[in-house]
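Participant: the following comprises the amino acid sequence and a computationally predicted model.
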Amino acid sequence: MDNNKGFITINFSTMDNLNLSHKEFIVLKYIDSMCTTGVQNYCFASNKTMCSTLNITQRTLYRILNRLEEKRLITRKTRSIGNDGKERRIFSNHSQVPK
């Protein structure tokens, strides 16, 4: 059993103001935390890592990322890195999502 699980604080007013479901809000907070506490100013986590950490399916993550981008809460940038595939960066459009 993995005991290295984190936690977040959910401000329901903020979640309602952004018109997000609880899963969308959790993914957004995860992305925001990677952008503000990591070495880079973007989230570089793979879909596999995010799904495993947040306990959601790849399909659910795909839908959530699309909705967050439609709402302009995140920006995704993908570039080819030759035979090694693609590199994706997810930028939060908030310096920090309000708590």
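Facilitator: Nice, thanks for sending it over.
Participant: look at residue 91 and give its secondary structure.
Facilitator: Three-state call for residue 91 (DSSP: H, G, I helix; E, B strand; the rest coil): strand.
Participant: quick check: phi and psi on the closest residue to it other than its chain neighbours?
Facilitator: Sequence neighbours aside, residue 75 is the residue nearest to residue 91 in space, at 4.5 Å (criterion: CB to CB, 6 or more residues apart in numbering). Using the backbone N, CA and C atoms, a C-beta is placed for each residue, glycine as well. Phi and psi for residue 75, reported as degrees, to the nearest 10, are phi -130, psi 130.
Participant: beta partners for residue 86?
Facilitator: residue 80 (DSSP bridges).
Participant: just the helices from this structure, written as ranges.
Facilitator: If you assign secondary structure with DSSP state H, the helices in the chain sit at 12-17, 22-37, 47-54, 58-70.
Participant: okay, the ones you listed in CSV with mean neighbour count next?
Facilitator: Conversion of these to CSV gives the following (neighbours: other CB atoms under 10 Å):
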stretch, mean neighbour count
helix 12-17, 12
helix 22-37, 19
helix 47-54, 14
helix 58-70, 15
